[in-house]
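**Q** here you go, sequence then predicted model.
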Amino acid sequence: MEPARTGLHILVVEDNADSAFSTALLLRLYGHEVRVVHDGMTALRAIQDDVPDVVLLDIGLPGLDGWQVAEKIVRPPNQKRPMLIAITGYGQEDDRRRSAEVGIDLHLVKPVDPTQLQEILRKFQSLLR
């Protein structure tokens with residue numbers, strides 16, 4: 001029997017190593033299980049291998065950008081879809097519109113207030129219970 005998780009399973013997709021590390025560290029302190037990848041293709045493989053509850057997705061990634069990743073996420077029938085949250089420097093109205101068009105649930109502009117992010121994750125987690 002697996003131990004009960006107290007937090008969410010979160011995939012951080014961020015090409016800036018320092019930003020990815022600090023985000024993962026903070027999320028782990030909040031009790032979440034975190035995996036980090038640094039490019040779009042690796043993100044797609046990670047999502048297919050073990051579907052997370054939440055994907056924190058940078059848009060400006062090498063190879064496939066975050067919008068392309070969101071478009072390519074394939075969900076088998078009867079399998080959950082992760083909540084997709086863009087965390088990006090792209091903050092124009094067209095950027096937000098494009099995020100919505102490709103299935104990104106929430107578009108946040110860097111720098112994101114850690115308290116705000118944890119509140120969003122806490123609310124989402126309460127919906128999963």
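**A** Everything's here; your move. Bear in mind the structure is a predicted one, so any value in this text is a computation, not a measurement.
**Q** show me the shaky parts of this protein.
**A** 1-5, 76 (pLDDT under 70).
**Q** V36 should be in a strand, yeah?
**A** Yes - under DSSP: H, G, I helix; E, B strand; the rest coil, V36 falls within a strand.
**Q** contacting residues for it?
**A** Neighbouring residues of V36 by C-beta atoms under 8 Å, 6 or more residues apart in numbering: L11, V12, V13, E14, A20, F21, T23, A24. Every C-beta, even on glycine, is put in place using the N, C-alpha and C of the backbone.
**Q** out of these, which are buried?
**A** L11, V12, V13, E14, A20, T23, A24 (16 or more other C-beta atoms under 10 Å).
**Q** returning to that earlier point: which of the contacts of V36 sits closest to G31?
**A** Comparing the contacts of V36 against G31 with C-beta to C-beta places A24 closest, at 12.9 Å.
**Q** and the residue nearest to that closest one when sequence neighbours are not counted, bridged to which residues?
**A** Closest residue in space to A24, ignoring its immediate chain neighbours: V34 at 4.5 Å, by C-beta to C-beta, 6 or more residues apart in numbering. Applying DSSP bridges to V34 gives these bridge partners: I10.
**Q** thought V34 was touching L27?
**A** Yes - V34 is within contact range of L27, at 4.8 Å (criterion: C-beta atoms under 8 Å).
**Q** quick check: neighbours shared by those two?
**A** I10, V12.
**Q** thought G7 was touching Q125?
**A** Yes - with contact defined as C-beta under 8 Å, G7 counts as touching Q125 (7.3 Å).
**Q** the protein: strands as residue ranges?
**A** 9-13, 33-37, 54-57, 83-88, 106-109 (DSSP state E).
**Q** okay if I get those strands as JSON lines plus distance to R129?
**A** Formatted as JSON lines, these follow (distance: least, C-beta to C-beta, whole Å):
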{"stretch": "strand 9-13", "distance to R129": "14"}
{"stretch": "strand 33-37", "distance to R129": "16"}
{"stretch": "strand 54-57", "distance to R129": "15"}
{"stretch": "strand 83-88", "distance to R129": "14"}
{"stretch": "strand 106-109", "distance to R129": "20"}
